[in-house]
Structures are given as C-alpha cells and as structure tokens.
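Undergrad: quick one, what's the 3D model for this:
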Amino acid sequence: MKDIRRKVRRAQTIVPFGVGGIIDLRGESFVAADIRSWAANGDRVESPRLAAKLGVLEFRSAPVIPSGKAAYASRIGPAYVRFPKWLFCPQCREMLLWRPDREQRDKQPTCGRCPGRPQLAPMRFIQVCRAGHMADIDWRRWAHSRGQGHDQRQCQVLRLRFVATPDSSGLEALCVVCAVCKAERNLAGISQRNILKQTNLRCPGTHPWQSDSDEADACEESPQAVQRGASNVYFPITHSALDIPAPAGLSEGDEAAQRVTNSPLWLDFISAEGGPAFDAFRTVIANQCEVPEDLVESIRRRHVHDSASSPSASDADDDLSVAEWAAFSDPGSVAGSKTFSVRPTHLGIEHDDVDSMRELDARVSAVVVADRVREVRALEGFTRYEPSSGDGEDGEGGRVVSVNTRSRTQWLPAVETYGEGIFIAVDEQRLRDWEELQSVRDWTRRIELDLDASFKADRLRGKSGPRLLPRFVMLHTMAHHFIRQLSYDSGYNAASLRERVYARSHGPGSDLPPQAGVFIYTAAGDAEGTLGGLVRQGRPPYLAETLIRMLESAQWCSQDPLCSDSTGRSLANLNRAACHACTLLPETCCEIDNSLLDRTLLIGDAEVPGFFRDVVRAALTESADSVELP
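TA: Presented below is the predicted three-dimensional model:
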C-alpha cells in the first residue's frame, strides 16, 4: 500500500505554507490553521531583538517528528484542514460537500459511486475578501442564480454536478448543474470583480479552520472569486533578524542592562507604567536577570529619557539593521559568539593590478565573511486578495490577519536557520559624491514618485527609509546581481540565498552612522547546510573576480533595449531596467518583493552615471585589448 502520509518541512510552516496558506499534496488541498493548534508543543526560538520589535514574548517553531516515526506519532504540530470542502469526482462529476466526520487517517477522499473509487478532486475556485477571510463558493446558489422557473428558484437540494461541455472552451465549458431541478450556470465571468456580490453571495466572515459559527466576523467586504492556486490568495507578512550578540568588552553594568532590556517582559514593563502590574513586572524581571530592582528601575528611566530626548534612539530600537550594521562594521566587537562568527578580509587587489581591479578596490571599503550566522524568521500574519499597505488598517491594501484569530497572540511561529555569508560595504565618501550628482538625484526622484503612488509605499519605506536614496536602489540591484553570480560560483542555487540591504542615511544631527552595504547569506540552512561555498568566494582572489563578472553581466539583458530603456516595470512601476532575464530573483531571496531595482544606477547609461560605471568601462577595455586579431 502506498504511503500517503502528508508532510511539510519545518521551514515551510512559515513560508509558503504558514498560517492561512494553501498546500496541495497528491491532488488534495489543505490550509494551515492558526497557531492555536500548535498548543504547547512548539520548540522555543530565541530572538530578543526581533521579539522587542514585534511586541511579543517569544517565538516557537513547529516540532519535528523523528525520521521513521511519522506513522506512530500523534498530531503534535500545526494543523492543516481540508479546503476547499467542495469536491467532485473526475469520473461521474458528482460534487460533494465534505464534512470533517468523513475524514479517515492517512486516507484520501474517494467517490463511493464509481468503480475503483477514484480520488475526489477539490474545486478550482474559492472566494476571498480584503478582510482576509476565505471560504468555499456557495455552488448551490451559483447554480440556481439564473433559474428560469419557480422550482429552480426555490430548490434547496445539495445534489450538484460539475460537468464539462464539448460545445465551448475555457470557463464557458465548465458548468455547475443541479441534479434535481436541472438549473445550471457555467463559470464564464467568475473571475470578474464583484461577480459574487451581483449573485447575492456574501462573505461569511470566517476562515477555513473556524468550525464554530461564534467565531465569524460581521464582514462587509465584497467576496472575490479567485483560483485556488492564484498568487493573490495569500500574502504572508514575515520579519527576520540576524542573531547579533552583545558587543565584546562590556562592563558588568552594561551586561546587566543588556540582560534586562532583552527580557521578554521588558516591553510589558515599559507599557505598564502607572498600572497595577508595574511593580510585579519589575520584580519578575529583576529575579530573572539576577539584578536588583533598583537597577531595573534606573534602566527604565534612562530608556524613557533617551526615547523622549532623541527620536533616533527609539528608531534604532525598531530598526534591526542598526545593530547588524554595527556588528559587520566592527567584527572584533562581537568575537567569541557561537551563532555569529565573522572576520574581516579584503579583495586582495594590489597597486600593480589592472585598472578595473583598482577601480573596484577604490569603491569597496570593507569585506567581511561570516563563517556562521543565525537568522530567525517569524510569521506575523497575512493578507488576502491585496498585499498589506504596511499599517494593517483598512486603508489601501488588504487587512492583516493575525496568526491567532481568536485573541491577541503572545508568541509567533518562527524558524531559525544557520548558514554563512559575505558582507560588502562600499566607500561612503564616493557614494555620497555620486548621490549628489543632479542626474542621479532626478532619476531616483522619478522612481520615488511611483513609490509614493504605490499601495506598498509604507511597507517598502520600512526597508528603504523615509526617503528613497539612490544608494538603496543601487545596492539592492547589486545584491540581486551578486546572488545571481554567486549561484554560478559558490555551489548554492539562487533560491537558497537571501539578501540584506543596508542603505540608510539617518540625516544631520543623528548619532547613527550611515549605512552602505549588502549581506548575502544562505537562507535554507536546514536543506543545504553550510557548504563553505560563500566563505570561499569571499576570500581573495575569488571575490574580486566574482564582482567583475557580476558587473559585466549586468550590462547585458536578452530583453534589451526594452529592459534597459524601460521607464517603469513590474507592479506599480517600481522597477526600471530590471526584468526576469537579468535582475529579478525567486521571491525567497528578496526582502521587498523584487521592487525598487534598476541596473542603470549600478552600471550607468548615456544619461545617468552608474556607481560602478568606471569599473565596467575599464573591464570592457581590458577585454577588448586582450583579443588577438588574426
């Protein structure tokens, strides 16, 4: 007998099969239930910095069933419920509304009418709304929505058939027919906006895992019919942070303050000032961190004072890139950590090397290789039909649904991965001089105008900063081309790599240093492990050669001149000279959904000088001089 046990990897419980996501397995379709099904079986994942940003106490990852024990283990992890519940037989075309009491362990739903008991298939179309709800389409009402007589309009029987007619093609050939009154309606136009509202079909205000009608919300949104596997069914909202240890050489008082502010109860303690639980939080934190209560109180007062007197201080607490940039900028400050092992290196370029190498060396200010790095990736929630605008409100974009749909969650599902990476920083002064060029500023301003008009503006500015700088677009594009080149040289495929772009300029008066660099690291450590390929490519002379080849390949695209001359590509025109043939990456690689990319700011054209234009020109000249003419 074939093994039909259904399995997912731990990393897939965050993306793409996290809470609310649909998974197809062997012709069956399921949706992940919210985190209430995890109970207390999740393994705790430590990430104080990320927990403080998201306002939760902890993170948990799905428990792993040991190899060979799946047949004997009871359900201890995330629950997946069958969805859609409307199924049909591919032979007799009878439709069946599946009920949970029909489920049998490790058995697929089958048709009891046909010989051989063929497996039932899920219906292709479902309904979603901007409030994040998802449900089956009421196929009985759909079939009877164009009833001609009294019997058809009043028919309440649930005997339906999903037939394909040979007289037409496309959705017109697919028809839902009532087996009793013969009322029918094909699927033509089902994808049109508001077609369900016109058919008097409403959103029930539920999620597929909610069996209790008391959990239903009063939803006023218009449901939209979409295909079950469509990309707009599920938009997960994830956050990630590198595990950055406390700086080495801290005094005893600094170490105590670090423990206090990293406490999972710290945020509750800060917000509880003046409340009845304030003293209790202070006592518990003092006991957990083994420090006096007076010290906890003094740290709180200092935190409140710093936040009030310096806005940049509170921004630094929320912006996880600040600590990461500091660690990469000074690798010696975090020496001795088991989860973050970094060391500086260099390009290995000498004064007598060719012009292209020397031009490259002048623009790269630092190179750091990470022999071991730990990343925690957490799922906060999701939206449907439209991505979130970033604020979670009912403005533009879909409404964010929490991973706990009943109550305020105290923890979030997360996964930790270990890997390696390469950090490259570019010269700040050269970058600043380049950003002051009028042509560069005007070019970036046109991209920013499209960003301002986009529904993703708030979310993207969370990465790029309040103002879109040329450095962000250039470094983001560089990261994409770097990943593509490393996929040829390092032994990792592109989907196993991720980017982190550091491109903040905090403005005058800020105590925070400007950022200008990229970090490329392994993103699927549980699948491929640390092979050493990235660390090797980060050493001389390999890294310099990789960067030169990267810049040379960035000059060419099979879609040119359409790509290079583009004035707006992708969703909301947020890209310029960037397409699938040259720059875009798998969605697991990019921080911001393959947006804000432009090869022009990287290598330049006749109108705009790219930051690495002189490197590319020198490399092309050297290539031409090396050609031997007959």
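Undergrad: gap between the helix or strand where D279 lies and the chain center?
TA: Using DSSP states H and E, D279 sits in helix 278-289. Centre-to-centre, helix 278-289 and its host chain are 35 Å apart (Cα atoms, centre = their mean, to the nearest Å).
Undergrad: which elements pack onto that helix?
TA: Helix 278-289 sits against helix 252-261, helix 266-271, helix 293-309, with contacts defined as 3 or more Cβ pairs under 8 Å, 6 or more residues apart in numbering; DSSP states H and E. (Each C-beta comes from the backbone N, C-alpha and C, glycine too.)
Undergrad: pull out the buried positions in that helix.
TA: For helix 278-289, a neighbour-count test (16 or more other Cβ atoms under 10 Å) marks 278, 281-282, 284-286, 289 as buried.
Undergrad: what element comes up after the lowest-mean-pLDDT helix or strand in the chain heading to the C-terminus?
TA: Lowest on mean pLDDT, DSSP states H and E among the helices and strands of the chain sits helix 311-318, with a mean of 41. Toward the C-terminus, helix 311-318 is succeeded by helix 321-329 as the next helix or strand (DSSP H and E).
Undergrad: output that following helix in CSV with nothing but the alpha carbons.
TA: The C-alpha trace of helix 321-329 is given here as CSV (Å, rounded to 0.1, in the frame of the first residue of the first chain):
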residue,chain,number,x,y,z
SER,A,321,19.6,47.0,10.8
VAL,A,322,21.4,49.4,13.2
ALA,A,323,22.9,46.6,15.4
GLU,A,324,23.6,44.4,12.3
TRP,A,325,25.5,47.2,10.6
ALA,A,326,27.5,47.9,13.7
ALA,A,327,28.5,44.3,14.0
PHE,A,328,29.6,44.0,10.4
SER,A,329,31.4,47.3,10.6
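Undergrad: orientation of the helix or strand that that helix is followed by relative to helix 321-329 in degrees?
TA: Counting by DSSP H and E, the next helix or strand C-terminal to helix 321-329 is strand 340-345. Going by axes from the mean of the first three to the mean of the last three Cα atoms, to 10 degrees, strand 340-345 is angled at 50 degrees with respect to helix 321-329.
Undergrad: strand 340-345 pairs with which strands?
TA: Strand pairing for strand 340-345, using DSSP bridges, gives strand 364-383 (antiparallel).
Undergrad: quick one: mean pLDDT over the partner strand.
TA: What strand 364-383 shows for mean pLDDT is 93.
Undergrad: counting contacts, what elements does the following helix or strand past that strand pack onto?
TA: Next helix or strand after strand 364-383 toward the C-terminus (DSSP H and E): strand 401-402. For strand 401-402, the elements it packs on are strand 364-383, judged by 3+ Cβ pairs under 8 Å, 6+ apart.
Undergrad: am I right that L96 sits in a strand?
TA: Yes - the assignment for L96 (DSSP: H, G, I helix; E, B strand; the rest coil) places it in a strand.
Undergrad: residues in contact with it?
TA: If you count contacts by Cβ atoms under 8 Å, 6 or more residues apart in numbering, L96 has them with 86-89, 109, 111, 120.
Undergrad: export these to a markdown table and tack on secondary structure?
TA: What follows is those, written out as a markdown table (three-state DSSP):
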| residue | secondary structure |
| --- | --- |
| W86 | strand |
| L87 | strand |
| F88 | strand |
| C89 | coil |
| P109 | coil |
| C111 | coil |
| L120 | coil |
